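K.L.:
need the 3D shape of this:
(chains A and B)
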Amino acid sequence: MGGGRVTERYRGLIGSAVVIALLGLWQLVSVTTAAGRLSSSPVAVFLAVPEVLRDGLALQSLYSLQAFVVGMIAAIAAGVLLGLFLGSMRVLTYLLEPSLMAFYITPTIALLPLVVIWLGVGNTSTAFIVFLSAVFPIVINTIAGMRQSDPAWSRTIRAFGGGRLLTFCLADVPGALPEIVLGIRLGIGRGLIGIIVAEMYASSRGLGFLLDTYSRAYRISDLCVVVFAIGIVGFAMVQGVRLFEDRTARWRAS
Amino acid sequence: MHLEYPAASGGEPLVAIADLSLTIAQGEFVAIIGPSGCGKSSLLYLINGIAKPTSGTISVAGDVVTRPSPDRALVFQDAALLPWCSVLTNVAVGLQIQRKSKSERETVAAELIKLVGLDGFGAKLPHQLSGGMKQRVGIARALCVDPEVLLMDEPFGALDAQTRQLMGVELLRIWLHRKKTVIFVTHDIDEAVFLADRVVVMSARPSRVIEEVRIDLSRPRALDIENTTEFLQYRRQIWDVLKSEVTASWAGGA
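P.N.:
The predicted structure follows:
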C-alpha cells in the first residue's frame, strides 16, 4: 500500500489543512451572511485575544488547571488501584461491575448540584467533579485490561516459582497497562468537560467562569477565544497521553 | 501416581493419569509419546509442581515435589513469553523471580541467548520473532535458572516440519553443553527417536506407561540418522505399540 504510506507521512499536514480550510469557510460565511453577527469570525476572534488576555486568561487557566490536576491525580490513583484490586478478584468484579458501569454511563456532571450542596462553591467542588468524571472510565478499563490478560503469562510466573504478588507485578499489571493508559486518556476527556461545566455553575474563577461571564455579556468573540484555548490545551493533553499509550501498547503490534 | 480432574457437574471425575510409575536417571534424555489428550502435558505440570497429583508422589533427587520450582523448568508448547518484555528480560524472568541482581541476570541471560543462537536479538520484543526463535527464547529462559530437570511440553509442535527438525538438532547441541535431565513430551515418533535415550509410550486416557524403548543410537546424532535401519526399526517398534492406542483415543472422541 504505497499510497497509504504517503498519506500516513503527511497525516499531520492534511489534518492542519482541513482546520485552516474550515476557518476560511467560517470567515466567508460570517462576512457574507447574517450569521456573522451571532457567531463572530476567525479574524474577530484573533483580534479579541489581547482583550481576553487583559481579562486574565492566563490566571484563570492556571486556576482551572490546578483543580483539574488535583482531580485527575486523585482519579488516576483511586481508579487504577480500585481497578487492579477488583480485576484480580473475580467475585468482587461480578458484585460491583454493574454499579460501576451505571456510574460510567451516567454523566456524573448530573451530580453537580449535590456536590455543591456538600462542598460549596469553589475549587473543592470543581476538583471533585473532575474526579467523579474521570474515575469511572479508569476503573472500568483497568478491570477490562486485567480480564484480557492471557492465563499463559501468570502460569509462566508460577511455573518458575513466583507467588501471587510476583504474578501480579510481573504478569497481571504489565499486561493490563495499555488499557489502564486508555482509561486515563478517556478520563482526561471527561475531566475536561467536568471542570468547565463545574466552573460555569459552581465557581467564581477559572475558564468555565470566564465563559459564563462572556456569555452573559454577549461577548461572543471573547467567548470563542476561551473555547479555543480550552480546545488547544485539551488536544495537547490527549495527544501527550496517546503517545505514551502507543509506547505501552507497542508489544500488541503483530 | 494418579491424577483426577473433578467432574464439571456431578458426573464421573476425569481420570487423566492412572497408576503411572516412571523413574528417570540424572542426565537422561527421555521422550514421552502418546496419543493426543493422553495426559502427557499434565504429567509435566505434575513434575513441575504447578499441578498436584490426586494421589501418589513425585520426587526429584530425593525431595518430594510440593510446589513449582525453577529446579524443574518448563518449556511450554506455545513458548508463553511475556509479550511486553524484551528477549533479554524474558530469558532472565526466572532469575528476576529469584530476586537476583540486575547485573547478574543480564550476564547469565546474555550467555544463554548466545547459546541458543539468538545473539543480537536481546532487545527485540517477542512479536518481532519467528516461531522457532520464540521457542529458543523459551528454552533459554528455562536453562537460565540452571534447573535439575528440563520439562519440555511439545515445544516444537507448532513449528513447520523443517524448522522442527533443525530445532531438534539445535536442542541436542544445547543439551551437549548443559547436561540436564530432559523430559520431552511429543506426539512425533521421529522426533522422539532422534532426540531421546529412552522413549516412553503412554496409553490413551486414563494413561499408563505401556512400553519403554531404549534408543541405542550413537551421539552426537545428525539428521541423516533418520535414514538408518536402526532408526527405522525403532520407529516401527514404537508405532506398533502406539497404533492401537491412537485408535482407542480416536474412538474415545479425542
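
K.L.:
and the strands in the stretch 101-250 of chain B, which stretches?
P.N.:
B:149-153, B:181-186, B:198-202, B:209-214 (DSSP state E, counting those that start in this stretch).

K.L.:
which strands and helices sit next to the last one?
P.N.:
Okay, so that is strand B:209-214. With contacts taken as 3 or more C-beta pairs under 8 Å, 6 or more residues apart in numbering or on different chains; DSSP states H and E, strand B:209-214 sits against strand B:198-202, helix B:229-251. The C-beta positions use only the backbone N, C-alpha and C, and glycine is treated the same way.

K.L.:
and the contacts of the last one?
P.N.:
Identification of contacts with helix B:229-251 by C-beta atoms under 8 Å, 6 or more residues apart in numbering or on different chains yields B:33-38, B:189-190, B:192-194, B:199, B:201-205, B:210-211, B:213, B:215-217, B:225.

K.L.:
what is the neighbour count of residue 114?
P.N.:
In the absence of a named chain, this looks at chain A. Counted with other C-beta atoms under 10 Å in any protein chain shown, the neighbours of residue A:114 add up to 9.

K.L.:
try chain B instead
P.N.:
Counted with other C-beta under 10 Å, residue B:114 comes out at 13.

K.L.:
re the thing from before, save the helices and strands packed on strand B:209-214 as TSV, and put in mean pLDDT and mean neighbour count too.
P.N.:
As requested, the helices and strands packed on strand B:209-214 are arranged in TSV below (pLDDT from 0 to 100; neighbours: other C-beta atoms under 10 Å in any protein chain shown):
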stretch	mean pLDDT	mean neighbour count
strand B:198-202	91	23
helix B:229-251	86	15
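
K.L.:
mind listing the helices for chain B?
P.N.:
Listed in chain order, the helices of chain B (DSSP state H) span B:40-48, B:87-91, B:93-97, B:102-115, B:131-144, B:161-177, B:189-195, B:229-251.

K.L.:
any stretches of the chain with poor pLDDT?
P.N.:
All of this is about chain A. A:1-5, A:36, A:253-254 (pLDDT under 70).

K.L.:
hmm, I had chain B in mind actually
P.N.:
Using pLDDT under 70, the flagged stretches of chain B are B:1-19, B:252-254.

K.L.:
what does it put close to chain A?
P.N.:
Contact residues, chain B versus chain A (C-beta under 8 Å from any C-beta of the partner chain): B:48, B:50, B:67-70, B:73-74, B:76, B:78, B:80-85, B:93-94, B:96-98, B:125-127, B:145.

K.L.:
okay, and the spatially closest residue to residue A:35 that is not a sequence neighbour sits in which element?
P.N.:
Once flanking residues are discounted, residue A:35 sits nearest to residue A:29: 5.9 Å by C-beta to C-beta, 6 or more residues apart in numbering or on different chains. Here residue A:29, judged by DSSP states H and E, is contained in helix A:11-32.

K.L.:
and the next helix or strand past that helix?
P.N.:
helix A:36-39.

K.L.:
contact partners for the most centrally placed residue in chain B?
P.N.:
In chain B, the residue lying closest to the centroid (C-alpha atoms, centre = their mean) is residue B:152, at 1.3 Å. By C-beta under 8 Å, 6+ apart, the residues touching residue B:152 are B:44, B:74, B:75, B:139, B:182, B:183, B:184, B:185.
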